[in-house]
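Q: could you work out the structure for the sequence below:
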Amino acid sequence: MTAERVFIALGSNLGDSPAVLAAAFDRLESWSSVPIRRSSLWTSTPVDCPPGSPRFLNAVAELASRRGDSPESLLAALQALEREFGRRPKLVLNEARPLDLDLIAWGREVRSTASLTLPHPRAHLRRFVLQPLAELAPELLLPGQTAPVEELLRDLQTDEILHRLP
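A: Take a look at the predicted model:
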């Protein structure tokens with residue numbers, strides 16, 4: 001069994017976001033069969049969030065799947081990590097949160113269940129996902145897309161504003 005390339009989007013807009021994402025990256029490291037790759041950190045304007053929501057800090061991690069893991073088992077681990085960092089059940093759609101982890105892609109896997117959709121159904125429409133993802137895998141062709149990430153990013157029509165942190 002060969003390891004699959006796995007991409008996870010990280011976001012935070014509540015609390016000490018740089019420290020939260022650094023700690024989350026460290027935890028993701030333990031769930032990869034090889035050292036993870038980390039994008040830069042990016043600040044972004046909130047998308048589809050309640051009025052007055054704070055800016056997000058975003059990044060993407062690339063992992064290599066471990067023997068015996070599945071997209072579903074990783075999703076459960078990601079959700080547990082979100083709760084560990086203080087994520088509570090949603091009261092308002094896209095409300096501020098200390099940690100948001102989204103499973104963007106697991107190799108060429110396609111899923112559509114009540115708990116998991118792969119690839120992430122809005123990844124190709126979100127600059128805050130595509131920009132850091134393009135740093136790690138500009139050539140990546142998300143299942144169901146006809147253009148690689150770098151082209152999706154170039155052609156994206158959105159008013160999102162991102163800035164890479166030094």
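Q: okay, CA-based contacts and neighbour counts for the rest of this
A: OK.
Q: where does the protein dip in pLDDT?
A: Applying pLDDT under 70 to the chain flags the ranges 1, 90-92.
Q: just to be sure, residue 104 is in a helix?
A: No. Going by DSSP: H, G, I helix; E, B strand; the rest coil, the assignment for residue 104 is strand, not a helix.
Q: burial of the residue lying closest to it once chain neighbours are set aside, as a residue count?
A: Nearest in space to residue 104, with sequence neighbours left out and distances taken as Cα to Cα, 6 or more residues apart in numbering, is residue 120 at 4.7 Å. For residue 120, the count of nearby residues is 20 (other Cα atoms under 10 Å).
Q: residues in contact with residue 120?
A: 102-105 (Cα atoms under 8 Å, 6 or more residues apart in numbering).
Q: 7 Å instead?
A: Residues near residue 120 by Cα atoms under 7 Å, 6 or more residues apart in numbering: 103-105.
Q: those residues into CSV, with extra columns for neighbour count?
A: As requested, the contacts of residue 120 are arranged in CSV below (neighbours: other Cα atoms under 10 Å):
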residue, neighbour count
103, 23
104, 23
105, 26
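Q: just the closest of those to residue 39, please.
A: Taking Cα to Cα as the measure, residue 39 sits nearest to residue 104 out of the contacts of residue 120, at 14.1 Å.
Q: ok, that closest one - contacts?
A: Contacts of residue 104 (Cα under 7 Å, 6+ apart): 7-9, 118-120, 123.
Q: from residue 19, how far off is it?
A: 22 Å (Cα to Cα, to the nearest Å).
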